[in-house]
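[1] structure for the following, please:
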Amino acid sequence: MTGFVGSRGDSETLVEFARTMAQATKNDFIVAIAQICTERGLSKETVLHAVEQALVSAYKRNYGGSTNISAKIDPNSGKVKIFALKTVVDQVHDRRAEITLAEARAIDPMAEIGEQVSIESTPDNFGRIAAQTAKQVVLQRIREAERDALYTSFHEREGEIVQGTVKSIEQGNITVDLGRIEGLLPKSEQIPTERYRHNQKIRALITEVNKATRGPQVLLSRTHRNMLRRLLEIEVPEIFNGLVEIKSIAREAGQRSKVAVAATQDGIDPVGACVGQRGVRIQAIVNELSGEKIDVIEWNPNPQIFIASALSPAKVTHVGLAEDENGDKVATVVVADKQLSLAIGKEGQNARLAAKLTGWRIDIKSEAQVNEELMRKQMEEQAVLAAQQIVTEAEGALESEDKAEGEAIVQAPVETPTPIIPPVVAEAPAAPTMPAEPEPEAEEEISFAEALEQFEQRQADVEIGEADEEETEDEARLRKLKEDRRKRQMLVFDEKLGKVVAQKKHKGGKQDWLEDLDEE
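    Below you'll find the model as predicted:
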């Protein structure tokens, strides 16, 4: 979170360094360089390069010159030299960037026109001027070099655990002193059950290192699952040496965690190695995480066995594996009725952690629920089969009826009755007058179409009745009565009424009666 800020001691060191540069003595200059390297934790080459760049800036500010200026410091003697790169020409127009051929050959006998020659241009009083001018430049370059060194150092340690001291707490965010730099522990990365105090020693995981204007920004976490992984590597030598491998971790910080481990060599108990004798190893991690419960589970390549173990302490009866329509892996777990609440856990915590640990979506059901679903499914299947059978029988009956109606129409077509015209009789001698018989009682009028429909319906009833082999005696008697009634009826045209009527036949000697039907 913070970078290097120059203190009074740092300024005094740089002033002393500037004085040694002005004196240009071997021992003092080398001692000053070594002192800066030691205090800042920097390499000697980095400090010398920063000083050289500062000397170039100071030379340009005081003496001008071209851009091709370089400074060299002898690491053994500490002597400073300034070199200018000039072009060899016949006639010099700019002494700062050009040199004659004669002067160039005095330095390099092989120099030619158009070539560049490096010439030493160190002023006589450059040591004193450089010490005064390059002070701030040297300070700034050293700060930048220190920031880069800190960033590189902590960036390489991402994912590791560091120990620090709580320096301040502001709005829930904790600033941790890590020695040469400060780290930030955000409120979201703190264990909810923990309470922190000033100057408390804590351990946290470095999750991210970013570059900032004031120096590297180090973010810490105590809730990350890799925090538990690193603690296991510290407390369990078998994990650190690679004899036991951590396959997966599911964690809800401050409450409960599940760890799946597997042995890479035969004869090693991975769970026992993590727990330790009498639980000493795992208890040390629990204490570090403020009482967080940790379940260590043996990993198994068989998903069914692994899922059953992940739901411990619940006892699993059966595990079924499948895939849904989206291709997601789904595991249906069956437990005893008394084990259902234990398998699900408080607010679903045990099932949720098991799903994260195994990578499967877990659906937990009791034996009673499974039996009820099976019975319901069987009843639904039986209902579907019964409905299909009813539909099949109904379709067969409809086909039989349609066939019977077609045969009846072919065998007994209905003919349109012709009107009865009374014959013309020649006049005869008058006969004795007979008493007039009463006219038949008029019945309800029906149209010809309705009468025809009734006739066809009756005919169809007769055919269906004959086709039914399982009819009862009452049904046979009723069918016979209908047939007799049908034989006693006929359709005729009544000249007096001008309508088609259904006339009922009677035995000889009795008067016929008519049933009038309205014709549409």
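[2] for the stretch 301-450 of the chain, give me the ranges with low pLDDT.
    Within the stretch 301-450 of the chain, the ranges that satisfy pLDDT under 70 run 406-449.
[3] which residues of it fall in helices?
    In order along the chain, the stretch 301-450 of the chain carries the following helices (DSSP state H, counting those that start in this stretch): 303-310, 340-344, 349-358, 367-411, 448-467.
[4] nearest to Arg251, of those?
    Evaluated over the helices of the stretch 301-450 of the chain, closeness to Arg251 peaks at helix 349-358, with 7.9 Å, by Cβ to Cβ. (Glycine included, C-beta is placed from N, CA and C.)
[5] what is the orientation angle of that closest one with helix 303-310?
    140 degrees (axes from the mean of the first three to the mean of the last three Cα atoms, to 10 degrees).
[6] and helix 349-358, how far out from the chain middle?
    On the basis of Cα atoms, centre = their mean, to the nearest Å, helix 349-358 is displaced by 15 Å from the centre of the chain it belongs to.
[7] got the CA coordinates for that helix in PDB?
    Taking Å, rounded to 0.1, in the frame of the first residue of the first chain, the C-alpha atoms of helix 349-358 are listed here in PDB:
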ATOM      1  CA  GLN A 349     -24.000 -26.200   4.400                       C
ATOM      2  CA  ASN A 350     -22.900 -29.900   4.200                       C
ATOM      3  CA  ALA A 351     -24.500 -30.500   0.900                       C
ATOM      4  CA  ARG A 352     -23.200 -27.200  -0.500                       C
ATOM      5  CA  LEU A 353     -19.600 -27.900   0.500                       C
ATOM      6  CA  ALA A 354     -19.800 -31.500  -0.800                       C
ATOM      7  CA  ALA A 355     -21.000 -30.200  -4.200                       C
ATOM      8  CA  LYS A 356     -18.100 -27.700  -4.400                       C
ATOM      9  CA  LEU A 357     -15.600 -30.400  -3.300                       C
ATOM     10  CA  THR A 358     -16.700 -33.000  -5.900                       C
END
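[8] buried sites along that helix?
    For helix 349-358, a neighbour-count test (16 or more other Cβ atoms under 10 Å) marks 350-358 as buried.
[9] tell me how many other residues crowd Asn210.
    The burial count assigned to Asn210 is 11, neighbours taken as other Cβ atoms under 10 Å.
[10] now do the SS call for it.
    With DSSP: H, G, I helix; E, B strand; the rest coil as the basis, the three-state label of Asn210 is strand.
[11] looking at it, it is touching Gly183, isn't it?
    No: Asn210 lies out of contact with Gly183 (Cβ atoms under 8 Å); the separation is 11.6 Å.
[12] coming back round to it: Tyr63: which of the helices of the stretch 301-450 of the chain is closest?
    Distances from Tyr63 to each of these were compared using Cβ to Cβ; the minimum, 68.4 Å, belongs to helix 349-358.
[13] what's the closest one packed up against?
    Using 3 or more Cβ pairs under 8 Å, 6 or more residues apart in numbering; DSSP states H and E as the contact criterion, the elements in contact with helix 349-358 are strand 244-252, strand 256-263, helix 303-310, helix 340-344, strand 361-366.
[14] tell me the pLDDT at Ile33?
    In this model, Ile33 is scored at 71, pLDDT.
[15] how about it, nearest residue that isn't a chain neighbour?
    Spatially, and ignoring its direct neighbours in sequence, Ile33 is nearest to Val47 (5.7 Å; Cβ to Cβ, 6 or more residues apart in numbering).
[16] that neighbour falls within a helix, correct?
    Yes: checked against three-state DSSP, Val47 lies within a helix.
[17] residues in contact with it?
    33, 36-37, 40, 142, 145 (Cβ atoms under 8 Å, 6 or more residues apart in numbering).
[18] neighbour-wise, which one of these leads?
    Within these, Ile142 tops the neighbour count with 25 neighbours, counted by other Cβ under 10 Å.
[19] you'd agree it is up against Ile33?
    No: the pair Ile142 and Ile33 fails to qualify as a contact (Cβ under 8 Å) at a distance of 11.1 Å.
[20] okay if I get the helices and strands packed on helix 349-358 as JSON lines plus mean neighbour count and distance to Lys403?
    Written out in JSON lines, the entries for the helices and strands packed on helix 349-358 read as follows (neighbours: other Cβ atoms under 10 Å; distance: least, Cβ to Cβ, whole Å):
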{"stretch": "strand 244-252", "mean neighbour count": "19", "distance to Lys403": "70"}
{"stretch": "strand 256-263", "mean neighbour count": "21", "distance to Lys403": "71"}
{"stretch": "helix 303-310", "mean neighbour count": "20", "distance to Lys403": "58"}
{"stretch": "helix 340-344", "mean neighbour count": "17", "distance to Lys403": "59"}
{"stretch": "strand 361-366", "mean neighbour count": "18", "distance to Lys403": "53"}
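[21] let's have those in JSON lines, adding distance to Val333.
    Compiled in JSON lines, those are given as follows (distance: least, Cβ to Cβ, whole Å):
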{"stretch": "strand 244-252", "distance to Val333": "16"}
{"stretch": "strand 256-263", "distance to Val333": "15"}
{"stretch": "helix 303-310", "distance to Val333": "7"}
{"stretch": "helix 340-344", "distance to Val333": "7"}
{"stretch": "strand 361-366", "distance to Val333": "5"}
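[22] so what's the residue count around Asn199?
    The tally of other residues near Asn199 (other Cβ under 10 Å) stands at 8.
[23] how close does it get to Glu288?
    18 Å (Cβ to Cβ, to the nearest Å).
[24] Arg147 now?
    With distances defined as Cβ to Cβ, the gap from Arg147 to Glu288 amounts to 32 Å.
[25] one more: Ala102?
    With distances taken as Cβ to Cβ, Ala102 is found 78 Å from Glu288.
[26] low-confidence regions, this protein specifically.
    Low-confidence segments of the chain, defined by pLDDT under 70, span residues 1-30, 40, 65-67, 126-138, 406-449, 451, 462-473, 491, 498, 500-520.
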